[in-house]
Structure formats: structure tokens, C-alpha cells
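Colleague: show me how the following folds:
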Amino acid sequence: LNWKNVIDFAVNGNPNPDRRVAKTESEWKAQLTPEQYRITREKGTERPHSGALCSVYDSGKYNCVCCDTPLFDSTIKFSSGTGWPSFTQPIKANAIKYERDTSYGMVRVEVMCNTCD
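Modeller: Numbering: from 1, shown residues only. So this is what the prediction gives:
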């Protein structure tokens, strides 16, 4: 993927995931910690440099905390200096969902798991 693909997905829609995981809000709340729920279900953001995996570079895969879908591989993780884990590519093009985010007076692309609703 390149930035043109990411912008295209954010504007025109994302590829279909291999599977869908849909749960009620009460099911998500029962499964996730309050912080995980806030970040994953309410579009919250971790404070920079606060995530447990921010400075970890062990080999392996990074899976969605909600549905366990593999999202990123450690071989493509890099230090962006932003305070959040950064990756050059998802494991598969349809693993990640991209949405245009215009909050806080700027235009950004939000990156989320494409499997869970």
C-alpha cells in the first residue's frame, strides 16, 4: 500500500475484511477494560508514549485487542517519534480500515481494525 491507496480507502471505502466480528456494546464492555473500550469503541486516543507496546520491538504480530485479528508484523514497526507504535504496512491490505478524521481542526486518516464493528 502507498499513501494514495490509503487516501482512496479513507475517501471511497475500504476493502472487505476476511471476516466480520459484531457484538453489542454491552458485550464489548464486558470483554474490554474501560481504557480499551474508550480507545477502540469510542475512538479515544492513548496518551503519547503511554502504550505498553510503544517501545517494544520483539518479533511477532500485533493483533486487534477486540477480535484478535492480526494487523501488523513487528518486522515493519519503526520509531516515528510520535509516541505511538508505527508500521509501514498492515499484514494484509484488508486488515485495516482507514477513515477521514477532521477533528481538532485538521485532516488526518484514522487507522482501525477492519474486522470488528
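Colleague: check which helix or strand Phe72 maps to.
Modeller: strand 70-73 (DSSP states H and E).
Colleague: which residues does that strand contact?
Modeller: 60-64, 85, 87, 89-91, 95-96, 113 (Cβ atoms under 8 Å, 6 or more residues apart in numbering). In this view, the C-beta of every residue, glycine as well, is placed from N, C-alpha and C.
Colleague: angles on the backbone of Ala30, please.
Modeller: phi -70, psi -30 (degrees, to the nearest 10).
Colleague: that one: neighbouring residues, count only.
Modeller: Around Ala30 there are 10 other residues, counting by other Cβ atoms under 10 Å.
Colleague: also Val11?
Modeller: So Val11, with other Cβ under 10 Å, has 11 neighbours.
Colleague: ok, Glu27 next?
Modeller: By other Cβ under 10 Å, 10 other residues sit near Glu27.
Colleague: tell me the contacts of it?
Modeller: Under the criterion of Cβ under 8 Å, 6+ apart, Glu27 has no neighbours.
Colleague: tell me the pLDDT of it.
Modeller: Looking at Glu27, its pLDDT stands at 97.
Colleague: can you confirm it is in a helix?
Modeller: Yes - counting by DSSP: H, G, I helix; E, B strand; the rest coil, Glu27 falls inside a helix.
Colleague: any idea how far it is from Asp18?
Modeller: Relative to Asp18, Glu27 is positioned 21 Å away (criterion: Cβ to Cβ, to the nearest Å).
Colleague: ok, so of the contacts of strand 70-73, who is nearest Asp8?
Modeller: Within the contacts of strand 70-73, the smallest distance to Asp8 is 13.3 Å, found for Ile96 (Cβ to Cβ).
Colleague: can you check the pLDDT for that closest one?
Modeller: Confidence score, pLDDT, at Ile96: 96.
Colleague: count of residues packed around Cys116?
Modeller: Neighbour tally, Cys116, other Cβ under 10 Å: 21.
Colleague: do Thr45 as well
Modeller: Neighbours of Thr45 (other Cβ under 10 Å): 11.
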